[in-house]
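Enquirer: sequence unavailable; structure follows:
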């Protein structure tokens, strides 16, 4: 179902996704879309941003505003750092305060995180420092996305868990959450309302078919 990569680069994007966004303007020559925040997030995306607190918070805010503004099935799966000092993780407050749209799926413990050895370094000894943070896995989604995902692949969560065996997974009941919304009265900035959706014709057609 995931078809878009947000905050990727020409070196680490998933070639299985039809499109990806990069912070690097030069990546346009490699088929990237520049600036993921230029449009509202729609459809199913994965986002693993650079570890900058302001950028991480902006990713969560943008994902949250996008699902609240769209009637299209929209889900963004985020892989975000969980620093040792949790008080500085501003994005976690957004996740905690908006259970209607945000679900914690699990985390990858810092002891399980390893660096991938570049192929050009084979045969060369390199010592990497140990990670001091774990990686949280969140879903920011609307009920339309949950329903479409469940209908298309009832065992999607089990498949995801098998694909990331190092993660510790939460027991989630995302279809039985209370219908609470702590930011219903949130006033969206005018500039955000004017952003176009990054929806494809195929995604819009799938939504129309599901309503018929």
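Expert: That came in fine, so what should we check first? Please read all numbers here as calculations on a predicted model, not as lab measurements.

Enquirer: make it CA atoms for all contacts and neighbour counts henceforth
Expert: Fine.

Enquirer: hang on, residue 38 packs against residue 195?
Expert: Yes - if you go by Cα atoms under 8 Å, residue 38 and residue 195 touch, sitting 6.9 Å apart.

Enquirer: okay, strands next: where are they in the chain?
Expert: Counting by DSSP state E, the chain has strands at residues 4-8, 19-22, 33-34, 43-47, 74-82, 102-108, 134-141, 168-169.

Enquirer: the fourth one to strand 74-82, inter-axis angle?
Expert: Here the directions of strand 43-47 and strand 74-82 differ by 10 degrees (axes from the mean of the first three to the mean of the last three Cα atoms, to 10 degrees).

Enquirer: which residue ranges of the protein form helices?
Expert: Ranges of helices in the chain, per DSSP state H, are 53-69, 90-97, 143-152, 156-163, 190-193, 201-211.

Enquirer: buried stuff in the first one?
Expert: If I follow you right, that is helix 53-69. Using 16 or more other Cα atoms under 10 Å as the test for burial, helix 53-69 gives 53, 56-57, 59-60, 62-69.

Enquirer: wait, which of the residues you listed is closest to residue 166?
Expert: If you rank those by distance to residue 166 using Cα to Cα, residue 56 comes first, at 22.6 Å.

Enquirer: quick one: low-confidence parts of the chain?
Expert: Low-confidence segments of the chain, defined by pLDDT under 70: 3, 7-34, 85-88, 116-128, 173-188, 199-212.

Enquirer: what about residue 52, how many residues nearby?
Expert: A count of nearby residues for residue 52, using other Cα atoms under 10 Å, gives 10.

Enquirer: so how far is residue 110 from it?
Expert: As judged by Cα to Cα, to the nearest Å, residue 52 and residue 110 stand 18 Å apart.
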